[in-house]
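Engineer: When you get a sec, could you give me coordinates for this:
(4 chains)
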Protein chains: 2
Amino acid sequence: MEKIRPFSHALDRLRDAGLRPTRQRLALAKLLFDDCDRHITAEQLHSEALAGNIRVSLATVYNTLHQFTSAGLLREIVVDAGRSYFDTNTTCHHHFFDENTGILSDVPEGQLQVTGVPTPPNGSEVESVDVVVRIRAAS
Amino acid sequence: MEKIRPFSHALDRLRDAGLRPTRQRLALAKLLFDDCDRHITAEQLHSEALAGNIRVSLATVYNTLHQFTSAGLLREIVVDAGRSYFDTNTTCHHHFFDENTGILSDVPEGQLQVTGVPTPPNGSEVESVDVVVRIRAAS
DNA sequence: GTGTTTGCAAAGTGTTTGCAATTTA
DNA sequence: TAAATTGCAAACACTTTGCAAACAC
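Structural biologist: Residues are numbered from 1 along each chain as shown, chains lettered A, B, ... in the order given. Now for the predicted structure:
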């Protein structure tokens, strides 16, 4: 039952991942992990950082997001050609993607189920099974 | 049991869709629809066209792919941020995406099943449920 | 100090657009 | 001929990269 570890949370995460806790990484980690699960793009995170008076370049935001993803701290979600979303919830779950607003949200656990995932073609192994429920304002 | 209509196939499709059958559209439609189901990017289709001595610009390939998609002749599949795939099979089915090769292929029918698709957040309706089985060469 | 990380600006990728020239009905 | 379509090149959005300066240990 992992609960909120408000302060050293971000620091711990970086340490555990073997990432040097620089000012920028710490600040971004706080934005990403101190609250509830988040779905965010690089641009959004960059804006948030600037809004919070965290001086960080967009390039560093991209680098950091990818480092966090490699370290297993984030999961990258592909829903939109030409934009990458990162999810702070790395456990297996699925997504709603609102085509109108571009907002990504979690499908509540325990309802949607995928069964009968087939054996992939010769010599390949399944890495993940991603389900995206595309929604839009009812007509 | 719809079977092969080799020659006028592409022409019929364009007519049915209300798209003026220009030289370029006809040629692209033939490449897309005359054989089995295909998963293809704009660049790939453009290369194929050039290889087949069909003079067509990349911009027109993009326009055409989108017109075909709007007309319901194609389905756009998002598996890779920064690249769009188009599927000539518009019926409901799911995909393997090979992360190593970038090749998209169909999951054989009748195995994979999605159940319990939840009601989407207020006022939205489900447009589609896309399942991507990400695979890579076994380690 | 030494190796890592950052910021910037430039380059890259895939895609879209504006508009004159061409083509289709 | 009138309206739709095409090609080109420029513009675009997002992302990555190269390298000197700044930083963490």
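
Engineer: looking at chain A, which helix or strand is least sure?
Structural biologist: Every helix and strand in chain A was compared by mean pLDDT, DSSP states H and E; the lowest is helix A:9-17, with a mean of 88.

Engineer: Alpha carbons only: can I get that one in CSV?
Structural biologist: C-alpha atoms of helix A:9-17 as CSV (Å, rounded to 0.1, in the frame of the first residue of the first chain):
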residue,chain,number,x,y,z
HIS,A,9,9.7,11.5,-3.1
ALA,A,10,11.2,12.9,-6.3
LEU,A,11,14.7,12.6,-4.9
ASP,A,12,14.2,9.0,-4.0
ARG,A,13,12.9,8.2,-7.5
LEU,A,14,15.9,9.7,-9.1
ARG,A,15,18.3,8.0,-6.8
ASP,A,16,16.7,4.6,-7.2
ALA,A,17,16.9,5.1,-11.0
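
Engineer: Tell me the predicted confidence for residue A:75.
Structural biologist: pLDDT for residue A:75: 96.

Engineer: Ramachandran angles for it?
Structural biologist: Per-residue torsions, residue A:75: phi -130, psi 130 (degrees, to the nearest 10).

Engineer: ok, now which ones touch it?
Structural biologist: The contact partners of residue A:75, taken as CB atoms under 8 Å, 6 or more residues apart in numbering or on different chains, are A:69, A:86, A:87, A:89, A:90. (Glycine included, C-beta is placed from N, CA and C.)

Engineer: Mind checking which of the residues you listed are buried?
Structural biologist: With neighbours counted using 16 or more other CB atoms under 10 Å in any protein chain shown, the contacts of residue A:75 contain these buried positions: A:69, A:86, A:87.

Engineer: of the residues you listed, closest to DNA strand C?
Structural biologist: residue A:69 (13.9 Å; CB to the nearest atom of the strand).

Engineer: Surely the closest one forms part of a helix?
Structural biologist: Yes: under DSSP: H, G, I helix; E, B strand; the rest coil, residue A:69 falls within a helix.

Engineer: I figured it was touching residue A:76, is that so?
Structural biologist: Yes: here residue A:69 reaches residue A:76: they are 5.4 Å apart, a contact under CB atoms under 8 Å.

Engineer: Which neighbours do the two have in common?
Structural biologist: With CB under 8 Å, 6+ apart, residue A:69 and residue A:76 have common neighbours residue A:86.

Engineer: Identify the residue nearest the residue nearest the centre of chain A in space, chain neighbours excluded?
Structural biologist: Geometric centre of chain A, nearest residue: residue A:87, 1.6 Å, by CA atoms, centre = their mean. Excluding the flanking residues, the one nearest residue A:87 by CB to CB, 6 or more residues apart in numbering or on different chains is residue A:75, at 4.6 Å.

Engineer: Next, work out how far apart the one you found and residue A:130 are.
Structural biologist: The gap separating residue A:75 from residue A:130 is 10 Å, by CB to CB, to the nearest Å.

Engineer: I'd like the average pLDDT over the helix or strand residue A:25 falls within.
Structural biologist: Using DSSP states H and E, residue A:25 maps to helix A:23-33. Helix A:23-33 shows a mean pLDDT of 95.

Engineer: List the buried residues for it?
Structural biologist: Neighbour-count burial for helix A:23-33 [16+ other CB under 10 Å]: A:24, A:25, A:26, A:27, A:28, A:29, A:30, A:31, A:32, A:33.

Engineer: same check, this time on stretch A:87-97
Structural biologist: A:87, A:88, A:94, A:95, A:96, A:97.

Engineer: and the least confident helix or strand of chain A with DNA strand C, contact?
Structural biologist: No: with CB under 7 Å from any atom of the strand as the criterion, DNA strand C is not reached by helix A:9-17; the gap is at least 9.3 Å.

Engineer: what does chain A have sitting close to DNA strand C?
Structural biologist: A:19-20, A:22, A:24-25, A:55-57, A:59-60, A:63-64, A:81-82.
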